[in-house]
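> Here is my input, please return the structure:
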Amino acid sequence: MAKKADYVVQYRRKREGKTDYMKRLGLLKSKTTRLVVRPSNKHITAQLIDYRTNGDMVISSANSKELKKFGWNAATGNTPAAYLTGLLCGLRGQKKGIKKAVLDIGLLQSIKGSRRYAVLKGAMDSGLKIPADEGMFPDEKRISGEHIAQIGKENITKEFTEVREKLTEAFKNENKKRGN
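Predicted coordinates:
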């Protein structure tokens, strides 16, 4: 006589090691917008995401490839590009009414001074309220690209400040036009 199975098959994403459902549940219980950071070797993606019952909804998104529109000519996978991507995502989120968020790094390890925390610093500098330990951020020299300038790309710190000013000015001017 056949019996029921003695085991329960786990969710596919859990079996594949793509989702930690306990961690996700903790983030969703906060009912706060999540700042999702996904780095690759060449690019950084930052998204502000809200939970909906029918699926997560992306409110604003920024990819480091977009920095080229603002005059960024350096690599798009480094720490300064990560900071600028976070700044861009945060400014876009504020434009859509987001005031606070929590960091979601997914299954990645939390490493002090990493690009993930550069994105977080950029989003916080845009004006978003995100709980974070200041000791986890990369130092200002690394964020501005001085470590890259020592290797050979001399104008990266100048380029970094120019792009950061362009980003903030573009969104300030847009807010003035809208009457905010």
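> helices or strands up against the longest helix belonging to the chain?
Counting residues, the longest helix found in the chain (DSSP state H) is helix 156-178. The contact analysis (3 or more CB pairs under 8 Å, 6 or more residues apart in numbering; DSSP states H and E) places helix 156-178 against helix 79-95, helix 140-144, helix 146-149. From N, CA and C alone the C-beta is placed, and that goes for glycine too.
> Export it to PDB, keeping only CA atoms.
Taking Å, rounded to 0.1, in the frame of the first residue of the first chain, the C-alpha atoms of helix 156-178 are listed here in PDB:
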ATOM      1  CA  ILE A 156      39.400  60.000 -12.000                       C
ATOM      2  CA  THR A 157      39.000  62.100  -8.800                       C
ATOM      3  CA  LYS A 158      38.200  65.200 -10.900                       C
ATOM      4  CA  GLU A 159      35.800  63.200 -13.100                       C
ATOM      5  CA  PHE A 160      34.100  61.800  -9.900                       C
ATOM      6  CA  THR A 161      33.400  65.200  -8.400                       C
ATOM      7  CA  GLU A 162      32.100  66.600 -11.800                       C
ATOM      8  CA  VAL A 163      29.700  63.600 -12.300                       C
ATOM      9  CA  ARG A 164      28.500  63.800  -8.700                       C
ATOM     10  CA  GLU A 165      27.800  67.600  -9.200                       C
ATOM     11  CA  LYS A 166      26.000  66.900 -12.500                       C
ATOM     12  CA  LEU A 167      23.800  64.300 -10.900                       C
ATOM     13  CA  THR A 168      22.800  66.500  -7.900                       C
ATOM     14  CA  GLU A 169      22.300  69.500 -10.100                       C
ATOM     15  CA  ALA A 170      20.200  67.600 -12.700                       C
ATOM     16  CA  PHE A 171      17.800  66.500  -9.900                       C
ATOM     17  CA  LYS A 172      17.800  69.900  -8.200                       C
ATOM     18  CA  ASN A 173      16.800  71.600 -11.400                       C
ATOM     19  CA  GLU A 174      14.100  69.000 -12.100                       C
ATOM     20  CA  ASN A 175      12.600  69.600  -8.600                       C
ATOM     21  CA  LYS A 176      12.600  73.300  -9.200                       C
ATOM     22  CA  LYS A 177      10.700  72.900 -12.400                       C
ATOM     23  CA  ARG A 178       8.100  70.700 -10.700                       C
END
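> Leaving out chain neighbours, which residue sits closest to Gly122?
Leaving aside its chain neighbours, Gly122 sits nearest to Gly86 (2.8 Å; criterion: CB to CB, 6 or more residues apart in numbering).
> close enough to count as contact, the one you found and Leu120?
Yes: under the criterion of CB atoms under 8 Å, Gly86 makes contact with Leu120 at 6.2 Å.
> what residues do these two have in common as contacts?
The overlap between the contact sets of Gly86 and Leu120 (CB atoms under 8 Å, 6 or more residues apart in numbering) consists of 35, 37.
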